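[1] can't give you the sequence, but here's the structure:
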């Protein structure tokens, strides 16, 4: 199993609409990817290493898929639409990482 993490740097003055992200963007991604997206999680930042320190990312999501190939097959035909939707909730440039899930729940 793999996990695709999409992280949004916590940049002062940047715009990020958490409700749109939760209610529209990730459901759009799941609908387009179908079974290639096994499930996803969304994280909303609270703080950094201490309660007084800002979090390095304002939000992130983790998309779980059976393999890199399955993920790419699921997102590929819809990537343009999904990327275009980013402007509806943020002006940040996301940071992406693909990881192998070594231990899961």
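    That came in fine, so what should we check first? Just so it is clear, the structure is predicted and the values come from calculations on it, not from any experiment.

[2] what sits against the closest residue to residue 28 other than its chain neighbours?
    Spatial nearest neighbour of residue 28, excluding adjacent residues (C-beta to C-beta, 6 or more residues apart in numbering): residue 85 at 6.1 Å. (Glycine included, C-beta is placed from N, CA and C.) By C-beta atoms under 8 Å, 6 or more residues apart in numbering, the contact list for residue 85 reads 24, 25, 28.

[3] let's verify residue 85: helix, strand, or coil?
    helix (DSSP: H, G, I helix; E, B strand; the rest coil).

[4] quick one: pLDDT of the residue nearest the centre of the chain?
    With distances taken as C-alpha atoms, centre = their mean, residue 61 lies nearest the centre of the chain, 3.1 Å away. Looking at residue 61, its pLDDT is 98.

[5] what's the local residue count around residue 48?
    When neighbours are defined as other C-beta atoms under 10 Å, residue 48 has 13 of them.

[6] pretty sure it sits against residue 55.
    Yes: with contacts counted by C-beta atoms under 8 Å, residue 48 reaches residue 55, the gap being 5.1 Å.

[7] residue 58 is in contact with residue 15, isn't it?
    No: the criterion here is C-beta under 8 Å, and residue 58 misses it with residue 15 at 9.8 Å.
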